[in-house]
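Undergrad: with the sequence up front, the predicted model follows.
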Amino acid sequence: MFGLRQWRRQRLLRSGGVEEATWLRAVNRFSFAIRLTGQERKQLRDLVVLFLHEKQISAAGGLVLDQEMKLGIAIQACILVLNLGIDYYDRWVEIIVYPDEFVPRHEFRNEHGLVETDETSYAGQAWLHGPVILSWADVANAGDADGVNVVIHEFAHKLDMLSGAADGLPPLHAGMERRVWHAAFAEAYQGFCDAVERGKDTWLDPYAAEHPSEFFAVISEAFFEDPKETQRRYPAVYEQLKLFYRQDPALR
Ligand SMILES: [Zn+2]
């Protein structure tokens, strides 16, 4: 089965995919893509073609999605798996895009056993084994290298969840050590939470203090969008992200 799948993918890549001018217009919007080598850009483009073929990107709430919008989402999703491969996004297919922030209104049981409704609005969500949900207003603002990128954020959660739960620990590669990962992230996270608690202005979005999984997603945004500063501020975390993503964006 694996062989057949690879063969289908190869055939899909040979048959073309994205038109050159459309590709260039879409990819050059992203600072992280401009710094890629020719070979890496080719790799990114192949991943994007497979991603658009294997995932279903649908609009909700009256939004109209065109090819270029879908391409933009795919490019940002695929930068994370540039050297990991598209299989890292296996076992789920759907991406749903709302025009703006959305309110999932899901019900949950509070600590007293009563059913409550969550009325929080979100720019994005990633569900375990389920869809990625995005707000187009926030997606459209991504890509300007300000260190904030909702697409990278949600797809980082997807990678984190590959180990079974969103806990800030994605499946590490052979040669990486859980102990080293944990030491780097625990120290950075603790320091960050302390700073947020003291009301200090933080370089990363204070939302990163919510949970170790949010810290991983938020610092992944920074890793791709502002790698040099991420490396300067969080050298041990940067090193672990470099090993996990198999990329060294600060060198580009
Ligand atoms: Zn998140």
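TA: Cool, the structure landed.
Undergrad: give the helix, strand or coil label for S58.
TA: strand (DSSP: H, G, I helix; E, B strand; the rest coil).
Undergrad: contacts only, for it.
TA: L65, E94, I95, I96, V97 (CB atoms under 8 Å, 6 or more residues apart in numbering). Backbone N, C-alpha and C define where each C-beta goes, glycine included.
Undergrad: cool, and Q56?
TA: Contacts of Q56 (CB under 8 Å, 6+ apart): V93, E94, I95.
Undergrad: list the buried residues for the helix or strand L24 falls within?
TA: In this assignment (DSSP states H and E), L24 forms part of helix 20-27. Along helix 20-27, these residues count as buried under the neighbour rule (16 or more other CB atoms under 10 Å): W23, A26, V27.
Undergrad: likewise stretch 244-252?
TA: So for stretch 244-252, counting by 16+ other CB under 10 Å, buried means F244, Y245, Q247, P249.
Undergrad: who's in contact with it?
TA: The contact list for stretch 244-252 (CB under 8 Å, 6+ apart) reads 32, 35-37, 80, 82-84, 170, 172-173, 176, 220, 223-224, 227-228, 230-231, 238, 242.
Undergrad: distance to A137 and pLDDT added to the buried residues of helix 20-27, as TSV?
TA: TSV is the format used below for those (distance: CB to CB, whole Å; pLDDT from 0 to 100):
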residue	distance to A137	pLDDT
W23	24	94
A26	18	93
V27	22	94
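Undergrad: show me where the stretch 51-200 of the chain has its helices.
TA: 67-79, 136-141, 150-160, 178-197 (DSSP state H, counting those that start in this stretch).
Undergrad: comparing these, which yields the minimum mean pLDDT?
TA: Lowest mean pLDDT within these: helix 136-141, a mean of 90.
Undergrad: is it anywhere near the ion?
TA: No. Between helix 136-141 and the ion, judged by CB under 5 Å from the ion, nothing touches; the nearest distance is 12.1 Å.
Undergrad: off-centre distance for the least confident helix or strand in the chain by mean pLDDT?
TA: Sorting the helices and strands of the chain by mean pLDDT, DSSP states H and E puts strand 107-109 at the bottom, at a mean of 77. Computed by CA atoms, centre = their mean, to the nearest Å, the separation of strand 107-109 from the middle of its chain amounts to 27 Å.
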